[in-house]
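Peer 1: just the structure for this:
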Amino acid sequence: MSLTLLSASDVIARFDQFDTLIDARSEAEYAEDHLPGAVNWPTLHDEERKSIGTLYKQVNAFEAKKRGAALAARNIAKHIEAHVLDKPRDWAPLAYCWRGGKRSGSLSLVLDQIGFRMSLVEGGYKAFRAAMLLDMEVCAARLQFQVVCGTTGSGKTRLLQALRDAGAQVLDLEDLASHRSSVLGALPGIAQPTQKRFDTLVWEQLRQFDPERVVFVESESKKVGNVSIHPALVESMRNSPCTVLDLSLEQRVELLLEDYAYFSANPEQFCNRLDALTTQRGKVVIEAWKALVRQGDLRPVVQDLLVAHYDPVYLQSMERNFVQYAQAISLAPADRSFASMQAVARLMHGA
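Peer 2: Modelled structure (predicted):
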């Protein structure tokens, strides 16, 4: 037998050495978050896990374990038939479950008896997450960030895309969070990841960056929609050099109308989002904006939002939180086009 029990920190250190990462938890647990690249082979499916938990509470642990063992054995057999029969003798997977190791341990025991080089995460997903968050602090401290600043609509996201296309290292937190990072930033029909999932996605990006090269990142606040950025990463970003993207107000309005085209297609959705600003702007202003939106006249609303709301808030936040903002270099794209952003990217990346 060659079953190896690894600490979570050892797993992080050897993360890319395993042929397959197997998450033995239920589908719902896997959906909430999982190790990067892991496949889901539930030892107990969602409803089975629920029924065994009920049996455990209402009858006793012994009866629950007997029933659970029968279900687990059937599920493990199905996973072997579906996924393992074509694996070579030197296949070396890593398995984990939530914390106690019973579900992943059952699967690992069978695979180990077959003769595979099995590894098991001691403490399961819970221990891995704790170690990952600690490692995120290490990653954030060793990387060199260049913060892309600019008022709302200045094209920061487009610039990050152009930088990535130019071969630069880019951390796009809004993309990972599925949110545009403002009161109006929720993407229609797209749910944000859970906090746990967001943390894992960010860590997966950070750990792959070369510390000898700059990482470009947007000047986010502590939260992107409903998810929070790790405090160590926030601190590193706020202490990093800044570059300001300076786009004309007219171009910014047009850019936002392009990027938020779904508001033009669904005016009531836009109106509902504007309600969230009632406390800051007052009911009279919000109702006037909503009347224009319902008439299909979005440009003056977007311009007022920029000048009266977003710009003052953004500039105050930058001056207060980003240490090197006052020394930032300003770059002015010719317009909002991707070609103009590519030209700026070449200046920043040195390509």
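Peer 1: and Glu204, how many neighbours does it have?
Peer 2: 15 (other C-beta atoms under 10 Å). Placement of C-beta: from N, CA and C, glycine included.
Peer 1: is it true that it touches Ala38?
Peer 2: No: under the criterion of C-beta atoms under 8 Å, Glu204 makes no contact with Ala38, lying 11.2 Å away.
Peer 1: what's the span of stretch 299-314, first residue to last?
Peer 2: End-to-end distance for stretch 299-314: 20 Å, by C-alpha to C-alpha, to the nearest Å.
Peer 1: list the contacts of Asp199.
Peer 2: Each residue near Asp199 by C-beta atoms under 8 Å, 6 or more residues apart in numbering is listed here: Asp33, Arg129, Met132, Leu133, Met136, His230.
Peer 1: quick check: the last one vs Val202, distance?
Peer 2: Read it as His230. Using C-beta to C-beta, to the nearest Å, we find His230 at a distance of 7 Å from Val202.
Peer 1: what backbone torsions are found at Cys149?
Peer 2: The phi and psi values for Cys149, taken as degrees, to the nearest 10, are phi -110, psi 170.
Peer 1: now do His45
Peer 2: Dihedral angles (degrees, to the nearest 10) for His45: phi -80, psi 170.
Peer 1: which residue packs closest to it, ignoring adjacent ones?
Peer 2: Spatial nearest neighbour of His45, excluding adjacent residues (C-beta to C-beta, 6 or more residues apart in numbering): Ser26 at 5.9 Å.
Peer 1: which residues does that neighbour contact?
Peer 2: By C-beta under 8 Å, 6+ apart, the neighbours of Ser26 are Pro42, Leu44, His45, Asp46, Glu48, Arg49.
Peer 1: what about the third one, how many residues nearby?
Peer 2: Using other C-beta under 10 Å, His45 has 14 other residues around it.
Peer 1: after the helix or strand harbouring Ser108, which helix or strand is next?
Peer 2: Here Ser108 sits within helix 102-114, counting by DSSP states H and E. Counting by DSSP H and E, the next helix or strand C-terminal to helix 102-114 is strand 119-121.
Peer 1: ends of stretch 175-192, what's the gap?
Peer 2: So stretch 175-192: terminal residues 10 Å apart, C-alpha to C-alpha.
Peer 1: contact partners of that stretch?
Peer 2: So stretch 175-192 is contacted by 152, 157, 173-174, 193, 198, 201-202, 205, 218, 220-221, 224-227, 259-260, 262-263, 266, 269-270, 273-274, 276-277, 310 (C-beta under 8 Å, 6+ apart).
Peer 1: buried set for that stretch?
Peer 2: For stretch 175-192, a neighbour-count test (16 or more other C-beta atoms under 10 Å) marks 175-186, 192 as buried.
Peer 1: one step back: where do the contact lists of His230 and Val202 overlap?
Peer 2: Joint contacts of His230 and Val202 (C-beta under 8 Å, 6+ apart) are Met136.
Peer 1: good, we can wrap up now.
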